[in-house]
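> Here is the input, now give the coordinates:
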Amino acid sequence: MIKGLLRFIIAVIFILSGFVKAVDLVGFSFKMEEYFAPPVFNMPFLEKFALLFSIIVVVLELFLGFMLLLKLKLKFTLSALIALCIFFGFLTFYSAYFNVVTDCGCFGDAIKFTPWQSFIKDIVLLAGLIILFILYRKEISKKDPYDNSTKESSGKFKYILLGLFSVIMMYIMAQGIIHEPLIDFRDYKTGTDMKAEKEKINKNPSEYKTFYSLKNQKTGEVLKVNQDDYIKETKYWAEGSPWKIEEGKNESVLTKEGYKSEIVKFKIEDPTGVDLTDEIINAPKAVLVFSYHPKEVSAELIQKVEAKVNAQKGAVIYGISTEPNTFKTIKNAMMDGTAIKTIARSNPFVLILEKGKIVDKQPAKDYTK
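Just a heads-up that it's a prediction; the model follows:
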């Protein structure tokens, strides 16, 4: 009873973790790119394979989790899941200890974990899997009746279920890659009132405090002092003070959690730095074309999408990218590439707002059909 319940709980966790990432594989690949980037593992040559690695990880989570649920090939399934947990545990510990990836993406955009929470989750799962391996050791040592034959009806039924599960998951993954996620867990989902979200953020903002790293030039002592204490204590900054701020070592620490929304990063500027955000979210209708890798977009697709958005009479129209001259016949605007990736999973991508409310969002290739 206990081992059956534990097996069910762990299997469901792996299936849910895999599912929320399978729905939005492109989004998970962005997270993988963070791990390959110079500040983390410094393997930028692997960034172009981020989507492939994402697919492999998600497939392993989903199918191993479902095999555990069905109690298929227990020795192989438990061994593979233990190896997977060790791998994830290394990544999450590295992220937490060195504070390099603030969200591991373990449950996609559905549930946000801090790096240390993710690491603890991996350790708990690893312990649970080891306990399962011990509890099922007698069954594992026996020959699996389904290894060489599918004659028994229960065995056939399990493999049929695994096959159906595989087909459904592959369809969901393909939809997310080719079009848009079937289930959108992002703050930029269709129906979101961005104007209302901005108001909530402004009413309850997060508060941060700067901590200075000070080094005593005489004794070599190093202190971390918050901005308020630094101002109050004249010994830290008065003329002749031995304390000097160490450049590049100051930290901004969250002191009050405000209203959390990715829309806090929705800031659009024209190429000269003029803020266009209010104009866009207050417009009766705004049609926005996003591109986070403008150099990878074909001139033909850009031409097609520009022609279609220019037909939207009376709408505020902008082409938004990380480069100032991406678009030729519509106004260019700029936005941080990471923020664009949060909104757009395709490159390029079209977002339509009405009075600040998201009413439609499509990959440009679908929009121009």
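
> After the lowest-mean-pLDDT helix or strand in the chain, which helix or strand is next? Please name it.
Lowest by mean pLDDT, DSSP states H and E among the helices and strands of the chain is helix 137-141, with a mean of 80. As assigned by DSSP states H and E, the chain's next helix or strand after helix 137-141 is helix 153-178.

> mean confidence for that following helix?
Taken as a whole, helix 153-178 has an average pLDDT of 90.

> any idea which helix or strand comes after it?
helix 194-203.

> roughly how far is that following helix from the heart of the chain?
A distance of 22 Å separates the centroid of the chain from that of helix 194-203, by C-alpha atoms, centre = their mean, to the nearest Å.

> swap in stretch 121-129?
That offset, for stretch 121-129, works out to 22 Å (C-alpha atoms, centre = their mean).

> cool, and stretch 234-249?
That offset, for stretch 234-249, works out to 39 Å (C-alpha atoms, centre = their mean).

> and it, C-alpha only, in PDB?
The C-alpha trace of stretch 234-249 is given here as PDB (Å, rounded to 0.1, in the frame of the first residue of the first chain):
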ATOM      1  CA  THR A 234      29.800  58.800   8.300                       C
ATOM      2  CA  LYS A 235      32.700  56.600   9.100                       C
ATOM      3  CA  TYR A 236      32.100  54.700   5.800                       C
ATOM      4  CA  TRP A 237      32.200  57.800   3.500                       C
ATOM      5  CA  ALA A 238      33.700  60.800   5.400                       C
ATOM      6  CA  GLU A 239      36.900  62.300   4.100                       C
ATOM      7  CA  GLY A 240      39.900  60.200   5.100                       C
ATOM      8  CA  SER A 241      37.800  57.100   5.700                       C
ATOM      9  CA  PRO A 242      39.600  53.800   5.200                       C
ATOM     10  CA  TRP A 243      36.400  52.200   3.900                       C
ATOM     11  CA  LYS A 244      36.100  52.100   0.100                       C
ATOM     12  CA  ILE A 245      33.300  50.600  -2.000                       C
ATOM     13  CA  GLU A 246      34.400  47.600  -4.000                       C
ATOM     14  CA  GLU A 247      33.400  48.200  -7.600                       C
ATOM     15  CA  GLY A 248      31.200  45.400  -9.200                       C
ATOM     16  CA  LYS A 249      30.400  43.700  -5.900                       C
END
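
> Could you measure from the residue of the chain positioned farthest from its centre over to Cys85?
If you look at how far each residue of the chain sits from its centre, by C-alpha atoms, centre = their mean, the farthest one is Gly240, at 48.1 Å. Gly240 sits 56 Å away from Cys85, going by C-beta to C-beta, to the nearest Å. In short, each C-beta sits where N, CA and C put it, glycine included.

> Thank you kindly, that will do.
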